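K.L.:
Please find the sequence and the predicted model below.
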Amino acid sequence: MLGGHKFSKLFTARPNSGQNSQDQIYALDTSGALWAWGYNDSGKLGTGSPVTDVSTPTLVIGGQRWSELALCAANWERPLGINTLGDLYQWGEVYSGSGFYTTTTVPTIVVGSHRPNP
């Protein structure tokens, strides 16, 4: 892989199967860092960049070490990630309460997220 990355887990999204330009790819590397590339509308790659098409693996902002990722809702607008401490984060087009959505280009902790008891 270009850049010498060694990935341990891969997540892909193709919201509209006929439109390859809208694919997103997320990959955890062996250290738990999350990388993303593909179509970046609504900041859904979490890289902090306004660039729409990202052709190479780009580190997701925040310095978190991740254990899981889920791609939720129609059109895959809301990636959700769980870091190794058990905190839940979201980015892209996110629900902010009272029927409103906002856009964030970096992972943001979900309010009320709780860590499991030790």
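P.N.:
Cool, the structure landed. Numbers count the residues shown, from 1 in each chain.

K.L.:
From L88, how far out is V110?
P.N.:
Distance check for V110 against L88: by Cβ to Cβ, to the nearest Å, it reads 4 Å. Every C-beta, even on glycine, is put in place using the N, C-alpha and C of the backbone.

K.L.:
Just after the worst-scoring helix or strand of the chain on mean pLDDT, pick out the following helix or strand.
P.N.:
One helix or strand of the chain scores below all others by mean pLDDT, DSSP states H and E: strand 88-97, with a mean of 78. Next along the chain after strand 88-97, taking DSSP states H and E as the criterion, comes strand 100-109.

K.L.:
pLDDT of that following strand, averaged?
P.N.:
Across strand 100-109, pLDDT averages out at 82.

K.L.:
roughly how far is it from the heart of the chain?
P.N.:
Centroid separation between strand 100-109 and its chain, computed with Cα atoms, centre = their mean, to the nearest Å, is 11 Å.

K.L.:
can you check stretch 24-37 too?
P.N.:
Put simply, stretch 24-37 sits 9 Å off its chain's centre (Cα atoms, centre = their mean).

K.L.:
ok, residues contacting it?
P.N.:
With Cβ atoms under 8 Å, 6 or more residues apart in numbering as the test, stretch 24-37 has contacts from 5-13, 38-40, 44-47, 54-60, 64-67, 69, 71, 76, 79, 81, 84.

K.L.:
Pull out the buried members of these.
P.N.:
Neighbour counting with 16 or more other Cβ atoms under 10 Å marks 11, 13, 38-40, 44-47, 54, 57-58, 60, 64, 66, 69, 71, 76, 79, 81 as buried within the contacts of stretch 24-37.

K.L.:
Next step: the residues you listed restricted to strands.
P.N.:
Counted as lying in strands by DSSP state E, out of those, are F11, A13, G38, Y39, V54, P57, T58, W66, L69, L71, P79, G81.

K.L.:
just to revisit the earlier point, would you mind listing the residues touching both of V110 and L88?
P.N.:
Going by Cβ under 8 Å, 6+ apart, residues that sit against V110 and also against L88 are L80.

K.L.:
Max pairwise distance over the ones in strands among the buried ones among the contacts of stretch 24-37: which two?
P.N.:
Across these, the longest distance by Cβ to Cβ is 20.4 Å; it joins Y39 and W66.
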